[in-house]
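# I'll drop the sequence and a predicted model, then ask my questions.
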Amino acid sequence: MSAHEDAGTAVELWWGRFFRYGPYGLLGLATVIAVVTRDLVMTHADERGALVLLPAALVLQLWWTSAGIRPESRPAQCYFVARTLLALGLTWCNPFYSIYAVLGYFDAARVLPYRGMRAGLLATAVIMAGAQSGSPLPPATLMNWVVFGVVLAVHATLAMVFAQIGNREAEQARSQTDAIAALESANARLEQALAENAGLHAQLLVQAREAGVADERRRLAAEIHDTIAQGLTGIIAQLQAVTSTADSAPGLAREHLARASDLARESLGEARRSVHNLLPAALEHDDLPGALKKTVATWSRRTGVRADFTVTGTVEPLHDEVGATLLRIAEEALANAGRHAGASRAGVTLSYMGDEITLDVRDDGRGFDPVALPPYRGAGGFGLGGMRARAERIAGTVEVETGPGLGTAVCARVPMVPDQ
């Protein structure tokens, strides 16, 4: 807390004590002076009147102090009016009771509403002027009226000053009240926003967790399709060849059996890598062009289809995810060509084109009608849908050009993300 705030708090505490205990002190001081001067200014009637009014003023003040009445309320207004009338009566009995009447200057702005404050100050000014003009009210002579008018003018000026001070304090109080209300409203809105943000955060966490689970399922499904399923297909084909050549050509049968064994080992290794989300085995010791060259050559030997591999542009190291994506797309496109196209020739081209890299897989097979394919469902599905989903995960695209008897061309375009 700053020194200015400390000073303001001290002033508020001082005024609080004054309004609580000050009336008793002023009433007691006025009574002492009235007793000392009673032979000079008081008659027996004045003394009897003071003896009646003084206990009434004391009881009124005790009620006000203990009741804890809210300022500007109807009971507070009644208290001010009753105290002002008692002060007028006591001042009539002895002018020195104006010491008690002066309280009206201090608490009119605090106790009375804005419209009644000026009337309360004016009533206090009249009492003070009557006490200080040296004659009882109403004045008996012209001179008494002149003196009363002059003194009243002085007190009216004081009343205006006190009214201005009261207005300023009321404005400050209203400003503080408005500021507190605005702060409370802002705090309420902030709490509501925090609660809404907490709910949204929890919802986003649930959605992110569900999306992560779904994405991992799709990744594993695609990996199984591209590795284990293709490996099993190749193993079945080699075993079928073993069955058909076991009697007529034992050496060829053993060759097919060896290929089936190699495919089984490769498929097992790829399955383990898929579970742990590791790079394909072909990219462990080779860059993407080297891995694609070996993949094309292996596919050509297995299917008996002539296949060429070409690289254009300047070869640059690629991010692992980019290389793995293009390798899997090439494997899937070649697998489709081997199973469905009936092609006699295929070609794979890898092109480095500055800010993107392109993979083209073409064959001269029978082609197909794209309209007859099931609709693409984004990240779901395998085959062409799986290739598109892989490319989209790294902000790429896959396009297919084909037609019945026209062969097939698969073009994948992905951003050129270098290996850091």
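The structure has been received and is ready for your questions.
# drop to CA atoms for contacts and neighbour counts, all remaining ones
Noted.
# So which bits of stretch 96-112 are buried?
96-112 (16 or more other Cα atoms under 10 Å).
# And the contacts of it?
Stretch 96-112 is contacted from outside by 19, 23, 26-27, 29-31, 33-34, 71-73, 76-77, 80, 84, 87-88, 90-91, 117, 120-121, 124, 127-128, 131, 159, 162-163, 166-167, 170, using Cα atoms under 8 Å, 6 or more residues apart in numbering.
# average pLDDT for the helix or strand harbouring residue 190?
Element membership for residue 190, per DSSP states H and E: helix 142-223. For helix 142-223, mean pLDDT is 72.
# what do you get for stretch 236-245?
Across stretch 236-245, pLDDT averages out at 72.
# Quick one: residues in contact with it.
Here stretch 236-245 has contacts from 252-254, 256-257, 259-260, using Cα under 8 Å, 6+ apart.
# which stretches of the stretch 301-420 of the chain form strands?
306-312, 345-352, 356-363, 397-402, 408-415 (DSSP state E, counting those that start in this stretch).
# This protein: helices as residue ranges?
3-36, 38-41, 44-67, 74-93, 98-101, 103-111, 114-132, 142-223, 230-245, 250-275, 288-303, 320-336, 384-393 (DSSP state H).
# winner for burial among these?
Mean neighbours per residue, mean count of other Cα atoms under 10 Å, is largest over those for helix 98-101, with a mean of 25.
# how far does that one sit from the chain's center?
A distance of 60 Å separates the centroid of the chain from that of helix 98-101, by Cα atoms, centre = their mean, to the nearest Å.
# Restricting to C-alpha, output stretch 53-71 in CSV.
The C-alpha coordinates for stretch 53-71 follow below in CSV (Å, rounded to 0.1, in the frame of the first residue of the first chain):
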residue,chain,number,x,y,z
LEU,A,53,-33.8,19.2,26.1
LEU,A,54,-30.3,18.1,27.2
PRO,A,55,-31.3,14.5,28.2
ALA,A,56,-33.4,14.2,25.0
ALA,A,57,-30.4,15.2,22.9
LEU,A,58,-28.2,12.7,24.8
VAL,A,59,-30.7,9.8,24.3
LEU,A,60,-31.1,10.7,20.6
GLN,A,61,-27.3,10.6,20.2
LEU,A,62,-27.0,7.2,22.0
TRP,A,63,-29.8,5.8,19.8
TRP,A,64,-28.0,7.0,16.7
THR,A,65,-24.6,5.6,17.7
SER,A,66,-26.0,2.1,18.7
ALA,A,67,-28.6,1.7,15.9
GLY,A,68,-26.1,1.6,13.0
ILE,A,69,-28.5,3.3,10.6
ARG,A,70,-27.5,3.6,7.0
PRO,A,71,-26.8,7.3,5.9
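# And the average pLDDT for it is what?
Mean per-residue pLDDT for stretch 53-71: 86.
# Equivalent analysis for stretch 99-116, please.
81.
# Over to stretch 40-49?
Stretch 40-49 carries an average pLDDT of 84.
# Contacts for that stretch, please.
The contact list for stretch 40-49 (Cα under 8 Å, 6+ apart) reads 38, 89-90, 92-94.
# I'd like those laid out as CSV, including distance to residue 53.
Formatted as CSV, the contacts of stretch 40-49 follow (distance: Cα to Cα, whole Å):
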residue, distance to residue 53
38, 15
89, 7
90, 7
92, 11
93, 10
94, 12
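# Tell me the one of these nearest residue 371?
Nearest to residue 371 among the contacts of stretch 40-49: residue 89, at 108.9 Å, using Cα to Cα.
# residues contacting the nearest residue to the closest one once chain neighbours are set aside?
Leaving aside its chain neighbours, residue 89 sits nearest to residue 53 (7.2 Å; criterion: Cα to Cα, 6 or more residues apart in numbering). Residue 53 makes contact with 86, 89-90, according to Cα under 8 Å, 6+ apart.
# let's go with 10 Å and repeat that
47, 59, 85-87, 89-90, 93 (Cα atoms under 10 Å, 6 or more residues apart in numbering).
# Which one of the residues you listed is nearest to residue 361?
Within the contacts of residue 53, proximity to residue 361 (Cα to Cα) peaks at residue 59, which comes in at 107.0 Å.
# gap between the closest one and residue 24?
Look at residue 59 and residue 24: by Cα to Cα, to the nearest Å, they are 11 Å apart.
# repeat for residue 411
From residue 411 to residue 24 the distance is 100 Å (Cα to Cα).
# Let me know the pLDDT of residue 367.
Per-residue confidence (pLDDT) for residue 367: 86.
# again with residue 379
41.
# for residue 248, same thing?
Looking at residue 248, the pLDDT reads 72.
# what number of residues lie near it?
By other Cα atoms under 10 Å, 9 other residues sit near residue 248.
# from now on call the first residue 13
Yep, numbering from 13; the last one is residue 260 now.
# For residue 205, which residues are in contact?
199, 211.
# and if you look at residue 96?
69, 90, 102, 112-116, 132, 135-136, 139.
# Now distance to residue 325 too, for these, in TSV please.
Shown next, in TSV, are those (distance: Cα to Cα, whole Å):
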residue	distance to residue 325
69	107
90	99
102	112
112	104
113	104
114	101
115	99
116	98
132	98
135	102
136	102
139	107
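# Show me this structure divided up by domain.
Following automatic domain parsing, the chain resolves into domains at 15-199, 299-432.
# Any chance of a markdown table for those, columns distance to residue 212?
Formatted as a markdown table, those follow (distance: least, Cα to Cα, whole Å):
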| stretch | distance to residue 212 |
| --- | --- |
| domain 15-199 | 19 |
| domain 299-432 | 26 |
